[in-house]
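A.B. asks: need the 3D shape of this:
(one chain, ligands or ions: 1)
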Amino acid sequence: MIARGAIRRSGIRELTSAAAAALSLTWRSAPGGVIGQVIMTVAEAAAPVATAWLTKSVLDRLATPDGAVAGLALGLAAAGLAAAALPGIGRYLRAQTGRRAGVEATDRLFAEAERQVGLRRFEDPVFLDRLRLAQEGAGTTGDLVNGICGSLHGILSLAGFVGSLLILSPAMTALVVLAAVPVLVAELLLSRRRAAVQWDIEPIHRREFFYGRLLTDVQAATEIRLFGIGAFLRARMMADRREANAAETRMDRRELVAQGGLTALSAVVSGTGLWWAITAARGGSLSVGDVAMFVAAVGGVQAGLNTLISSVASAHQRLLTFSHYVAVTRAEPDLPSVDEGTALALSRGIQLQDVWFRYSDDHPWVLSGVDLTVPQGRSVALVGLNGAGKSTLIKLLCRMYDPTRGRILWDGVDLRDIPPAALRERISAVFQDHMNYDMTAAENIGLGDLPALGDPARLKEAAVRAGVHETLSELPRGYDTLLTRIFFSEADKGNAETGVVLSGGQWQRLALARALVRDGRDLMILDEPSSGLDPEAEHEVHTRIREHRARRTSLLISHRLSAVRDADLIAVLHDGRIAEQGPHEALMEADGHYARLFRLQAAGYQEAR
Ligand SMILES: Nc1ncnc2c1ncn2[C@@H]1O[C@H](COP(=O)(O)OP(=O)(O)OP(=O)(O)O)[C@@H](O)[C@H]1O
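C.D. replies: The predicted structure is shown next:
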């Protein structure tokens with residue numbers, strides 16, 4: 001788990017490393033754009049300095065009797081034109097470069113997030129906050145180059161105007177430059193503080209987002225309406241919004257006060273400068289052109305400073321956000337994994353040896369010394385009370401987590417010594433909390449084995465075996481019907497062809513079809529594959545599953561004990577261990593947990609007769 005406090009203290013090294021990463025990413029995705037931006041920046045910075053010098057020269061020439069100004073006026077017009085046109089071109093280049101860098105950064109971010117082979121990171125709220133900020137950072141990668149170009153622009157125009165001002169008055173130059181130091185320091189402190197506020201309120205935003213999604217979620221809508229809890233949830237969401245707003249308002253006020261003081265300081269500096277220039281012109285030590293140049297230079301220095309300060313401050317804040325991107329893309333994988341090797345076809349079986357597991361050091365033990373063998377070619381059923389740890393055991397088998405103690409062997413090889421992708425390639429599963437993808441029916445099945453997406457015969461075969469083929473063929477566009485209505489506009493709403501909504505049981509059959517299309521795998525895991533089905537469908541599905549499990553290695557979890565009774569081996573998980581195991585008859589004879597649960601269920605059915 002990552003500590004929130006550790007993340008707030010982002011030092012210079014972290015920021016430098018974030019800047020280097022952002023620049024190299026932007027350079028790789030749009031080198032032409034970066035070069036173009038630098039050229040535009042230099043030209044944009046030079047234009048106002050050139051305009052000021054040309055204006056001074058024109059005014060001074062006009063004061064002499066034979067002052068020819070045509071050439072200068074032409075130059076002035078050209079500089080004005082450049083000053084007007086360059087910002088537009090610069091904006092275009094910035095947008096293009098930003099988009100390209102954003103695409104590259106986002107792609108890389110999601111690829112790196114996939115590198116987390118297990119589930120732990122996705123259960124860590126701090127990592128989730130980082131991931132959200134990282135997505136924001138990825139979208140604005142190019143802005144860092146903008147920030148740097150902005151700073152360069154500020155420095156160049158400053159250099160131009162400071163040089164001009166130095167010629168007129170070194171003392172005035174020193175005053176203007178010195179006045180800029182507190183502004184720069186204050187802006188940097190403010191941007192650091194703003195990034196810290198943003199990080200602090202991230203969990204509040206996450207909660208607010210959760211309530212907002214709940215209030216608009218079609219699945220939640222039925223309960224929310226029936227229980228009348230909409231206003232209650234809305235109040236919670238608004239409380240979070242107000243809390244976040246209050247933190248941001250405090251920050252805004254702090255900025256307002258600081259920036260007010262800084263503006264007053266710069267007004268005093270310009271006023272003093274203007275007073276000095278007018279007095280000097282009266283005394284004859286400055287020409288009219290010099291006064292014009294002086295006014296332009298003081299304005300130019302202050303504008304340059306403002307550009308520099310705001311670019312540095314915004315680049316600083318973006319770097320703080322981008323450092324989350326860097327942290328996510330460089331995060332160590334949650335599970336150590338080997339890159340080379342394969343999981344060979346299962347020939348003997350899977351063995352759990354003294355497996356202990358808890359979700360973290362603060363959680364109680366879920367498994368405390370499980371010993372179990374799933375022999376190759378046999379069907380094993382796992383039963384136990386709610387919360388006994390059955391689904392957890394399955395997640396360990398798929399290596400979503402590693403056992404805290406003990407080991408799991410695939411034909412004698414520790415799962416930790418097999419690349420996770422190679423292991424998962426050998427497993428198919430229907431999970432208790434299976435996904436319903438907002439995609440077409442064909443895609444919902446084909447995602448189980450991507451090559452099957454282009455093979456309608458395989459999709460149909462899996463659907464037939466899962467007992468969902470008839471339902472799918474009767475859809476308006478058959479297997480190509482979208483199983484969602486979220487992508488449609490108001491105009492398409494009444495048109496069933498644009499998408500349909502399936503029932504819970506139908507979705508469950510689709511999940512089963514998705515697992516079945518992944519045929520030929522070495523291990524089939526079925527975690528409550530029929531819990532949402534009607535009795536007839538349940539019977540039919542279990543008959544098909546039984547046929548499928550014959551001579552195959554499978555692990556079935558079900559609370560319907562009638563469905564597990566003909567497994568080759570039934571294991572009862574109780575108090576974190578396998579309390580008893582054997583075939584149905586042996587367990588009934590032993591008269592332990594299984595026999596008690598089985599009789600309880602059977603009695604329920606008999607009473608109804
Ligand atoms: N991600 C998690 N983080 C922390 N604890 C968890 C997590 N998932 C499950 N648990 C806890 O682990 C225990 C076992 O849960 P598990 O889902 O494995 O039980 P189960 O036997 O499959 O239950 P059921 O029959 O209700 O599906 C429960 O106490 C649960 O609260």
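
A.B. asks: now L556: how far from R465?
C.D. replies: Distance check for L556 against R465: by C-beta to C-beta, to the nearest Å, it reads 16 Å. For the C-beta atoms, the positions are set from N, CA and C on the backbone; glycine is no exception.

A.B. asks: of the two, which one has the most company?
C.D. replies: Comparing L556 with R465 by other C-beta atoms under 10 Å, the one with more neighbours is L556, at 25 against 21.

A.B. asks: which SS state does R521 fall under?
C.D. replies: Under DSSP: H, G, I helix; E, B strand; the rest coil, R521 falls in the coil class.

A.B. asks: now it: closest residue in space, sequence neighbours ignored.
C.D. replies: S428 (4.3 Å; C-beta to C-beta, 6 or more residues apart in numbering).

A.B. asks: am I right that the one you found is in a strand?
C.D. replies: Yes. The assignment for S428 by three-state DSSP puts it in a strand.

A.B. asks: burial of the residue of the stretch 401-550 of the chain found nearest the ligand, as a residue count?
C.D. replies: Nearest residue of the stretch 401-550 of the chain to the ligand: Q432, at 5.8 Å (C-beta to the nearest ligand atom). Q432 is flanked by 15 other residues according to other C-beta under 10 Å.

A.B. asks: quick one: the helices in the stretch 1-150 of the chain?
C.D. replies: Counting by DSSP state H, counting those that start in this stretch, the stretch 1-150 of the chain has helices at residues 4-8, 12-29, 31-62, 70-114, 125-139, 141-168.

A.B. asks: pipe these into a markdown table and attach mean pLDDT per row.
C.D. replies: Shown next, in a markdown table, are the helices of the stretch 1-150 of the chain (pLDDT from 0 to 100):
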| stretch | mean pLDDT |
| --- | --- |
| helix 4-8 | 46 |
| helix 12-29 | 84 |
| helix 31-62 | 83 |
| helix 70-114 | 86 |
| helix 125-139 | 83 |
| helix 141-168 | 78 |
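
A.B. asks: okay, the ones you listed in TSV with mean neighbour count and distance to A457 next?
C.D. replies: Shown next, in TSV, are these (neighbours: other C-beta atoms under 10 Å; distance: least, C-beta to C-beta, whole Å):
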stretch	mean neighbour count	distance to A457
helix 4-8	12	52
helix 12-29	17	42
helix 31-62	19	48
helix 70-114	16	31
helix 125-139	20	40
helix 141-168	21	45
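
A.B. asks: among the ones you listed, which comes closest to L512?
C.D. replies: Smallest distance to L512 across those (C-beta to C-beta): 25.7 Å, for helix 70-114.

A.B. asks: OK, contacts around the residue of the stretch 101-250 of the chain found nearest the ligand?
C.D. replies: Residue of the stretch 101-250 of the chain nearest the ligand, by C-beta to the nearest ligand atom: E123 (5.3 Å). For E123, the contacting residues are Y359, by C-beta atoms under 8 Å, 6 or more residues apart in numbering.

A.B. asks: tilt between the strand or helix carrying R192 and helix 125-139?
C.D. replies: Using DSSP states H and E, the element containing R192 is helix 170-200. If you take axes from the mean of the first three to the mean of the last three C-alpha atoms, to 10 degrees, helix 170-200 sits at 130 degrees to helix 125-139.
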